[in-house]
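Asker: Pasting a predicted model and its sequence here:
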Amino acid sequence: MNLNVTIPSSIGDIRLKNPLMPAAATLGNLIEHAKYFDLNELGAMMPNSMFIDSGSPTMAKKICKTNNGFISALSKNNMSIFEFEKEILPHLPCETTPLIIDMKAIDKYQMEELAASIEQMDRIMGIEINLNCPYGPGTPYWKNPVELKDLVARVRAAAPRKWLIAKVPGGDIPVEEISVACQEGGADAITSYSSLNGSCIDIRTGTYRCGGGGSGGFSGPAFKPVGILMCRRAAAAVDIPVIGIGGISCAEDVIEYIMAGAYAVQVGSANLSRPDFMHRLLKDLEVLAGQMGISSFEEIRGTARIE
């Protein structure tokens, strides 16, 4: 079977070898995972989320495992986009596998500056706006469609040559309204959607097990039904492609997301369980597609029906 996917965009069709890409921060800065599998097996590469400046290490617990998932509270990357450009970027196979950077910022002006900087980095093909912005004081831009549209438009103007993706935040949110505002602002695609906030407690010590504030983003297999629903809702609301994310742990999950309307998928927490998970998932997807008689993902995209 041909696993290739073609994703329309304002900069021309995006052609991926397969629909699989890691979610931000789940394969580190990528090169450390090259010893587990060939990065060229990925449909697209995505390293840790990037700020325009570097962060400082903290003592807060970053990740804890729960039943059927993980809670993560990944703080600011210790490497800025400029350090990444110098130390990591030259060693990635960007000529054969597209590289996408998930962007975080303290406000829309810093997000605009970050996008303008990445625009000058020719080895980076795409950017993803993390819509939990601002990372700091202030109301998240997704809560105001006018501000959200302005944020996306600023990034679009700052990086006109990049594939522009907007990542919908998690929680009880108006995913349709957010997706439409992103499309109107100039986004090429929507990633739907991010993790849910959660907490877990160590009953032996009486302390919260993750995050400086005792909480983090919950993801994992238990999250998949929510992810499927949000993918379906986003795909029905906009004309631009949707990338599904949330709880993927096997090839069957990938097929579900595509049937819900996704062009591609991002895989997150499963990478925390096995560093070679993406390699195994690709092989399983090839086998499953063959068993189902799927010749192209285009023929099953958005075909799930209500009986």
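Answerer: Good, I have the coordinates.
Asker: what's the burial count for residue 287?
Answerer: For residue 287, the neighbour count with other CB atoms under 10 Å is 12. Any C-beta I mention is one placed from the backbone N, CA and C, and that applies to glycine too.
Asker: Looks to me like it is in a helix.
Answerer: Yes - with DSSP: H, G, I helix; E, B strand; the rest coil as the criterion, residue 287 is part of a helix.
Asker: residue boundaries of the helices in this protein?
Answerer: Under the criterion DSSP state H, the chain contains helices at 81-87, 108-119, 145-158, 175-185, 224-237, 251-259, 270-273, 277-292.
Asker: Model confidence at residue 75, what's the number?
Answerer: As predicted, residue 75 sits at a pLDDT of 65.
Asker: Ignore what I typed, I meant residue 56.
Answerer: For residue 56, the predicted pLDDT is 66.
Asker: which sections of the stretch 1-150 of the chain are below the confidence cut-off?
Answerer: Scanning the stretch 1-150 of the chain for pLDDT under 70 picks out 56-59, 75-77.
Asker: Nearest to residue 211, out of the helices of the chain?
Answerer: Among these, the nearest to residue 211 by CB to CB is helix 270-273 (15.6 Å).
Asker: in that closest one, what counts as buried?
Answerer: Of the residues in helix 270-273, 270-272 count as buried by neighbour count, 16 or more other CB atoms under 10 Å.
Asker: Centroid-wise, who is the farthest residue in the protein?
Answerer: In terms of distance from the mean C-alpha position of the chain, residue 204 ranks first, at 34.7 Å (CA atoms, centre = their mean).
Asker: For the stretch 51-200 of the chain, just list every one of the strands.
Answerer: Per DSSP state E, counting those that start in this stretch, the stretch 51-200 of the chain carries strands over the ranges 63-66, 69-72, 100-103, 126-130, 163-167, 189-192, 196-198.
Asker: possible to save the buried residues of helix 270-273 as a markdown table with pLDDT and distance to residue 127?
Answerer: Shown next, in a markdown table, are the buried residues of helix 270-273 (pLDDT from 0 to 100; distance: CB to CB, whole Å):
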| residue | pLDDT | distance to residue 127 |
| --- | --- | --- |
| 270 | 95 | 24 |
| 271 | 95 | 21 |
| 272 | 89 | 24 |
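Asker: and which of those residues is nearest to residue 258?
Answerer: residue 270 (17.1 Å).
Asker: residues in contact with the closest one?
Answerer: When contacts are counted by CB atoms under 8 Å, 6 or more residues apart in numbering, residue 270 touches 248-249, 277, 281.
Asker: Most neighbours among those, please name it.
Answerer: Result: residue 248 is most packed of the contacts of residue 270 (other CB under 10 Å), 29 neighbours.
Asker: pLDDT value on that residue, please?
Answerer: pLDDT at residue 248 comes out at 97.
Asker: which residues touch the closest residue to it other than its chain neighbours?
Answerer: The shortest distance from residue 248 to any non-neighbouring residue, by CB to CB, 6 or more residues apart in numbering, is to residue 267 (5.0 Å). Contacts were defined as CB under 8 Å, 6+ apart; by that measure residue 267 touches 20-23, 26, 245, 248, 277-278, 281.
Asker: Brilliant, that's me finished.
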